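J.: whatever this is, show me its structure:
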Amino acid sequence: MRTVPFALKLGAFLTIGFIAIAVFAPLVAPSGPLEQNLYEGLNGPDANHFLGQDRLGRDILSRIIYGSRVSLLVGFVTVSISFVIGTLLGAVAGYIGGRVDSFVMRLCDVFFAFPGILLAISVMAILGPSLTNVIVALSIMGWTSFARLARGQVLSLREREYVTAAESLGAGTPRIVFFHLLPNIMAPIIVEATFGIASAIVAEAGLSFLGLGVQAPTPSWGAMLSEGRQFLLIAPHLTIFPGLALMLVVMGVNFLGDGLRDALDPKRNISQRTV
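T.: Model prediction:
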């Protein structure tokens, strides 16, 4: 009997929990994320504000809850775009081979030659800081890992009997790629996507920390960390709680990826069935 890995349970619980918080933020948050009370600025946690208040007297818990919307939106949309573009390019390159394969792989090499965060900073400097531009910048550098993984998987499958049979029956390249190759390479790519979501969330926080991401007054975990560092000694709660939220969501998505990798591993499943 197959057992669900503990990492998968914990990761799913944390990830679904943060998604629910983001979706129902207006119902969950104790106050609006922009409501100010300058007389109570930098106050620590108390009965009215469980995680304290920032320098403008805004409730930190409410801003963390609304900030989860930004982080999760960037993570899922960025990975969705990278997933589609990278998987299609990698699958086509791996199946067709030749110059198409060489061109796509050399293009990947060019992007891999630049450190990811520096490339994102360069793109943001050109496009300007905004939520849309953050997604564009992260998608530009995110598709390459999916392309390489998809290409490697297709190279190992394109000589299989069912692909040869489809070719002998006159199936064209689009049909073979979409109906015969892509369904059989989804498992490792889905696992890669979960890790990509965590990386995109961290990258968005880094860009917002540098002032290149979502702009004030929209709450963002990276911007909250940047604002709180100047009050680190007198009001550490400004950085501790947004940092914990970022750590928990990234940890949850990573656990989800680890659990999916174990659950979708055919060797592990065979060994469990034989026990």
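J.: please count neighbours and contacts with C-alpha atoms only from this point.
T.: Will do.
J.: identify the residues contacting the nearest residue to G142 once chain neighbours are set aside.
T.: For G142, ignoring the flanking residues on the chain, the nearest one in space by C-alpha to C-alpha, 6 or more residues apart in numbering is S82 at 5.5 Å. For S82, the contacting residues are S139, I140, G142, W143, T144, F146, by C-alpha atoms under 8 Å, 6 or more residues apart in numbering.
J.: in strands only, show me those.
T.: The members of the contacts of S82 all map outside strands under DSSP state E.
J.: looking at the residues you listed, which is nearest R175?
T.: Of all those, R175 sits closest to F146, with 20.4 Å by C-alpha to C-alpha.
J.: could I get the contacting residues of the closest one?
T.: S82, F83, G86, T87, G90, I189, E192.
J.: swap in R158?
T.: Y95, T164, L181.
J.: mind putting these into JSON lines with pLDDT, distance to A198 and secondary structure?
T.: Formatted as JSON lines, the contacts of R158 follow (pLDDT from 0 to 100; distance: C-alpha to C-alpha, whole Å; DSSP: H, G, I helix; E, B strand; the rest coil):
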{"residue": "Y95", "pLDDT": "89", "distance to A198": "30", "secondary structure": "helix"}
{"residue": "T164", "pLDDT": "82", "distance to A198": "38", "secondary structure": "helix"}
{"residue": "L181", "pLDDT": "87", "distance to A198": "27", "secondary structure": "helix"}
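J.: quick one, helices of this protein?
T.: 6-23, 25-28, 60-96, 98-112, 116-127, 131-157, 161-168, 173-176, 182-209, 221-228, 237-263, 266-274 (DSSP state H).
J.: stretch 79-87: how far from the chain's middle?
T.: Averaging C-alpha positions (C-alpha atoms, centre = their mean, to the nearest Å) puts stretch 79-87 11 Å from its chain's average.
J.: in that stretch, what's buried?
T.: V79, S80, I81, S82, F83, I85, G86, T87 (16 or more other C-alpha atoms under 10 Å).
J.: now flag whichever of those is closest to L210.
T.: Closest to L210, out of all of the buried residues of stretch 79-87 and judged by C-alpha to C-alpha, is V79, at 21.9 Å.
J.: quick check: the closest one touching T144?
T.: No: using C-alpha atoms under 8 Å, V79 makes no contact with T144, being 11.3 Å away.
J.: about what we covered before: can you tell me which two in the contacts of F146 are farthest apart?
T.: G90 and E192 (13.9 Å).
J.: who's more crowded, those two?
T.: G90 (28 against 20; other C-alpha atoms under 10 Å).
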